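A.B. asks: Fold the following.
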Amino acid sequence: MTAEVNLPNWMQYLDSLDWGPGQRDQSSWKAFLRAGSLGLPADVVLPTVAGRVVSTGGSYVSSKLESQIRRAYVFTGSEAGATRALHRPPTPKFSPEKLKALAGRVTGIDIDWLSRRSPVSPTNTTSVQFLQCLYATAEKIVIFTIFESQGQIVYEIGGLWQPPLPEQSADGVWFLVNPVDGESHPNPRQGGRLSRRSEESVTCWRYMVLESDVAESAEWLACLVQLPLRIAAIYTSGGKSIHALVRLDAATKQDWDSQRDAIKPGVVTLGADEGALTAVRLSRLPGTRRGDRPQQLLYLDPHPTGIPIIDGDVSNE
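C.D. replies: Model prediction:
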């Protein structure tokens, strides 16, 4: 049969697949295998599958889909595998002008102002209290004093006995922002290397980190308080950067990626580090020190609503 005859049959096959959260990768692979076996042109198949992913609430990585269809067509011996790359939306770029324009809409935003707005006073809040505010009993958080490691402590919230958290190190103290099971799992993206800081260990896709090394601190802070995001915490890095912990409560890694992709263009334009917008991410632990410099907690809200901080209730005034 010709490709023209096979295409409607393949489209019917797409309808039979599960395109729900957690199933899209497997369904796209099956779709590509079937298309290759039917000799369908990859330039038709690839955008069709990408469109099916998006239409069912998902998101895709262009290079991953392109790799997947190439492998499927090689596996099926298809000669229709030559394909143009998927169209990629323009990569968002930092705009100092847009940062300055948004920051200029408000005045008087500084550390003292933010502290007064904080639902939980950041003054004298310890690193343990910070974690207890943001995570549930029995959830486990990996703590690092060596960034390129598997972590020095797995801290269980509310555990009967817990090792003391480090108060400082020469390079600072970090925490993995999403809770984990504390176990080491093979990481397929690193050749099966065991890891307790990969997505296989994550038990809840709750948070995303916004940080900037290019935005001037005062302007970045003035922008953060205007964003309609569920900002749970704002704190310094012990350097020039200010981190914001944004609550997503994603159901799956795919859901986390979708929520991140919706937010990314706007925040990257304002100066957010695109490379930091990953689901398995370390961030600075407030209440500790980076050498002799504090990683200072500026704002803490265990139950953020998404109302911009500047429009929310005044909590401590």
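A.B. asks: so how many other residues sit close to Gly172?
C.D. replies: 21 (other CB atoms under 10 Å). Heads up, the C-betas are built off the backbone N, CA and C, glycines and all.
A.B. asks: just use 361 as the starting number from now, easier for me
C.D. replies: Got it, first residue is 361 now, which makes that one Gly532.
A.B. asks: That one falls within a strand, correct?
C.D. replies: No - under DSSP: H, G, I helix; E, B strand; the rest coil, Gly532 sits outside any strand and is assigned coil.
A.B. asks: how near is it to Lys624?
C.D. replies: Here the criterion is CB to CB, to the nearest Å. By it, Gly532 lies 26 Å from Lys624.
A.B. asks: now Gly551
C.D. replies: For Gly551, the distance to Lys624 - CB to CB - is 29 Å.
A.B. asks: Look at these two and report which has more neighbours.
C.D. replies: Shown here are Gly551 and Lys624; by other CB under 10 Å, Lys624 has more neighbours (17 against 7).
A.B. asks: is it true that the more buried one touches Glu634?
C.D. replies: Yes - assessed by CB atoms under 8 Å, Lys624 is found in contact with Glu634 at 6.9 Å.
A.B. asks: shared neighbours of the two, which are they?
C.D. replies: Here Lys624 and Glu634 have Pro452 as joint contacts, going by CB atoms under 8 Å, 6 or more residues apart in numbering.
A.B. asks: Strands along this protein, start to end?
C.D. replies: Remark: strands assigned in the chain by DSSP state E are 500-504, 513-516, 528-529, 534-536, 545-547, 553-555, 565-571, 591-596, 602-610, 642-644, 648-650, 653-655, 657-660.
A.B. asks: quick one, which of these is nearest to Gln428?
C.D. replies: Among the strands of the chain, strand 545-547 comes nearest to Gln428, with 19.4 Å by CB to CB.
A.B. asks: Please identify the buried residues of that closest one?
C.D. replies: His545, Asn547 (16 or more other CB atoms under 10 Å).
A.B. asks: Please work out the average pLDDT along that strand.
C.D. replies: For strand 545-547, the mean pLDDT works out to 91.
A.B. asks: cool, and stretch 505-518?
C.D. replies: Here the average pLDDT along stretch 505-518 is 95.
A.B. asks: got it, and stretch 529-540?
C.D. replies: 97.
A.B. asks: repeat for stretch 617-629
C.D. replies: 90.
A.B. asks: any idea how far that stretch is from the chain center?
C.D. replies: 9 Å (CA atoms, centre = their mean, to the nearest Å).
A.B. asks: if I pick Tyr373, what's in contact with it?
C.D. replies: Ala391, Arg394.
A.B. asks: redo that, cut-off 10 Å
C.D. replies: Counting by CB atoms under 10 Å, 6 or more residues apart in numbering, Tyr373 touches Lys390, Ala391, Arg394, Ala395, Leu398.
A.B. asks: next one: Gly518
C.D. replies: Applying CB under 10 Å, 6+ apart, the residues contacting Gly518 are Gln492, Tyr495, Ala496, Thr497, Ala498, Glu499.
A.B. asks: Most widely separated two among those?
C.D. replies: In the contacts of Gly518, the most distant members under the criterion CB to CB are Gln492 and Ala498, with 12.0 Å between them.
A.B. asks: Which one's more surrounded, the two?
C.D. replies: Gln492 (15 against 11).
A.B. asks: pull the longest helix from the protein.
C.D. replies: helix 613-629 (DSSP state H).
A.B. asks: tell me which strands and helices that one is in contact with?
C.D. replies: In terms of contacts (3 or more CB pairs under 10 Å, 6 or more residues apart in numbering; DSSP states H and E), helix 613-629 is packed against helix 402-415, helix 456-463, strand 565-571, strand 602-610.
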